[in-house]
Structures are given as structure tokens and as C-alpha cells.
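In: Next input, structure requested:
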Amino acid sequence: MNILDLDHSLTAQAPIAQRLADGRATRIDLLELGPKLRLWSTEKNYRRFAQRLQQRARPVGKRPEIYFVGSGDYHHLTPAFLADLPEPVTLIHFDNHPDWVQLAPRRHCGSWVNRALKMPNIKRIVTLGPCSDDLHNPQLRGGNLGALKRGDLQLFPWQHAPSKVWGYIGDGPGHQQRDNHLHWKNLAEQDWPRFLARLIDSLPTEAIWITIDKDVLASEDAATNWDQGGMRLSHLLQALCLLAARKRVIGVDVCGEFAKPAYSNPLKRWEAKSDQPPAERWSELDILRNAYTNGALIDLFEEVFA
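Out: The predicted structure is shown next:
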């Protein structure tokens, strides 16, 4: 298990500190690059990260690669983990945001899904859990509805009102188009185990990669730099267990810690202040929930991937 230390948010958490101390986890020091990579990155700094990533610990045998990354401001680093996949893979994406904005810089935490869709061994991306305003008038916000229309991307909100669209998008596994609205098949209204069974049956590959932004979780289970979704930790753990039982997981990356804002230039500071809720909404007690949730995730990974 690799701990990417980009923002000081992970190493003091007890479940992670214990595993770093006894050798079950490896810390990769990226603190110098952290502010340059946070929120979005130039190609030069992204390449520097990818080169540094080559020093990561590789799992023994057929165990999956596991990464804890820090703030959700770093979710655009996920494609670096996917760069040398040995076979076709379905990417299972848990997030409160679809991260599909086509107007943002291509190495941006809100647009990285578009980069992943272009990777040759990514056969489908399935996004589970969004509740955010990104699905309100998604075309005006730069959402990649073309990928949704083609079926390369499937999207299942946790809970969201119908989204107004212009033109024909059509029906998909997670939505139906009625006139000029996409009506979502909200996961909060589904039988969760039955939904997961149907989803797993429909996946086009035997191998999967799982990417988790903990802002998909309700505030009772996580404290992040972004607005929180509605999925509970119990739902996430159940999904991970079923996916691991039915599919071959070759990797997992987890982001969505809370980290104090530290950006490399004024534009990033302005963007974060415009898009993110105020950091002051969380107390130290709130932030401790992240350690509990990470501990539950790590315990599950150690059990199902042993």
C-alpha cells in the first residue's frame, strides 16, 4: 500500500501511521510537488509526478495496487496509476462529482475522467454517487454528455433531480430521457445489493480498477475539501466487497481527505475559494472521521485482497 504524501493529510492518521511504522505501507514524499499539483497541474509537473511514481512499491503476486492520495484536489492524478495497465479494465468511480468537465484544463480534478476515457485499456467508466450541482444543466457546465450518449461512461447519481439537456442524449443504464430532461435512476431509491449484482453482471471486463473520492460519502462518514454526497460508508464497503468477490481488482486509489488550502498560484486560490465550501465548516473532531473511514477501508482491503 502506497501513501502519497502530498499535503500532510494522511501520515498522522492512526491506521496509516501504524502501517507505515510496521512496513505494511510505503510513504512517497511528494510534499514539494503537492501545491503545484493541487487542483490542476501543468503537463510538466504532471510528468514530474509520473516519474516520481515509478519509485512506488509494487504488490507481490496478484494483489492489487493500493494508493491513498490525500485531498480530492488530486483526483486528476488517477490516470497516472492507469498508464501501464496490462489488460482491458473497467474503471469504477465513486464520487460526489462526475469530474467530466470539458472546459477545464485537461489535468484538472474536475476533468480527469475525460483523460481516462481516452486511455486504450479503459473500456468503460462507471461513476457512482454524484449528488452535486454538476448535474444541474450539465451542458452549460461543460459535462461530457457525448460519452454518456456513446455508453463509454455510465453515471448513477446517489440522489439528483432530473437534469435539463438540449438535444438527444437517449436512455442509458443510469438515466432515461424524457423530452428535454434526463431522469436519473437514483441509487438512494434502489435495492443496493440487487443494483450492485446487476451492475457487476453488466461490466465489459473481468478486471476492474476502483477509484474513490470520499466526498461521495455523507458528512457523517467523511470531511473533505468539497461538498459531501449522500452515500454511507456501509454502502461503500458493501460495494467493495461484492466487486472484489465477483471481479478481479487490479488497483484501488482513494482520495478525499481534508487538507488546508495550499496552492502554488493566486489563480488556484481564487478557483478553490469560488468552487469549494469554506474550510471553517469542519472542526478537528469532524476531520477525525477520515481516519476511522480510512481504517475501515484498509481493514477491508487487507481482508479481501489477502
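
In: Now for the residue nearest to Asp171 when sequence neighbours are not counted, how many residues are close by?
Out: Spatial nearest neighbour of Asp171, chain neighbours left out: Gln177 (5.9 Å); criterion: C-beta to C-beta, 6 or more residues apart in numbering. Bear in mind the C-beta positions are built from the backbone N, C-alpha and C, glycine included. Neighbour count for Gln177, taken as other C-beta atoms under 10 Å: 18.

In: got any ranges where the stretch 201-306 of the chain has weak pLDDT?
Out: Judged against pLDDT under 70, the stretch 201-306 of the chain has no low-scoring part.

In: what residue of the protein is the furthest out?
Out: No residue in the chain sits farther from the centre than Asp179, which is 31.1 Å out by C-alpha atoms, centre = their mean.

In: rewinding a little: the residue nearest to Asp171 falls within a strand, correct?
Out: Yes - counting by DSSP: H, G, I helix; E, B strand; the rest coil, Gln177 is located in a strand.

In: show me where this protein has helices.
Out: 14-21, 34-37, 43-53, 78-81, 112-117, 145-150, 192-202, 233-246, 266-275, 284-304 (DSSP state H).

In: By residue count, what's the longest strand in this structure?
Out: Ranked by number of residues, the top strand in the chain under DSSP state E is strand 248-257.

In: I'd like to check the angle between that one and helix 233-246, please.
Out: 160 degrees (axes from the mean of the first three to the mean of the last three C-alpha atoms, to 10 degrees).

In: how many degrees apart are strand 248-257 and helix 284-304 in direction?
Out: 170 degrees.

In: now strand 248-257, how far from the centre of its chain.
Out: From the chain centre to the centre of strand 248-257 is a distance of 8 Å (C-alpha atoms, centre = their mean, to the nearest Å).

In: Which among the helices of the chain is found nearest to Phe94?
Out: helix 233-246 (6.4 Å; C-beta to C-beta).

In: re the thing from before, now the helices of the chain in JSON lines, with distance to Glu257 and mean neighbour count?
Out: Output for the helices of the chain, formatted as JSON lines (distance: least, C-beta to C-beta, whole Å; neighbours: other C-beta atoms under 10 Å):
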{"stretch": "helix 14-21", "distance to Glu257": "10", "mean neighbour count": "16"}
{"stretch": "helix 34-37", "distance to Glu257": "12", "mean neighbour count": "22"}
{"stretch": "helix 43-53", "distance to Glu257": "17", "mean neighbour count": "15"}
{"stretch": "helix 78-81", "distance to Glu257": "15", "mean neighbour count": "22"}
{"stretch": "helix 112-117", "distance to Glu257": "17", "mean neighbour count": "22"}
{"stretch": "helix 145-150", "distance to Glu257": "28", "mean neighbour count": "18"}
{"stretch": "helix 192-202", "distance to Glu257": "26", "mean neighbour count": "14"}
{"stretch": "helix 233-246", "distance to Glu257": "15", "mean neighbour count": "17"}
{"stretch": "helix 266-275", "distance to Glu257": "15", "mean neighbour count": "13"}
{"stretch": "helix 284-304", "distance to Glu257": "6", "mean neighbour count": "16"}
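
In: could I get the ones you listed as CSV with distance to His93?
Out: CSV is the format used below for the helices of the chain (distance: least, C-beta to C-beta, whole Å):
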stretch, distance to His93
helix 14-21, 23
helix 34-37, 20
helix 43-53, 19
helix 78-81, 9
helix 112-117, 7
helix 145-150, 12
helix 192-202, 12
helix 233-246, 12
helix 266-275, 19
helix 284-304, 16
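
In: of all the ones you listed, which lies closest to Phe156?
Out: Across the helices of the chain, Phe156 has its closest neighbour in helix 192-202 (8.0 Å, C-beta to C-beta).

In: Mind giving me the packing neighbours of that closest one?
Out: The helices and strands touching helix 192-202, judged by 3 or more C-beta pairs under 8 Å, 6 or more residues apart in numbering; DSSP states H and E, are helix 233-246.

In: which residues does the nearest residue to Asp7 once chain neighbours are set aside contact?
Out: Closest residue in space to Asp7, ignoring its immediate chain neighbours: Ala259 at 3.8 Å, by C-beta to C-beta, 6+ apart. In this structure, Ala259 makes contact with Asp7, His8, Ser9, Gly70, Ser71, Asp73, Asn225, judged by C-beta atoms under 8 Å, 6 or more residues apart in numbering.

In: Give me the subset of those residues lying in strands.
Out: Counting by DSSP E, the contacts of Ala259 place Gly70, Ser71 in strands.
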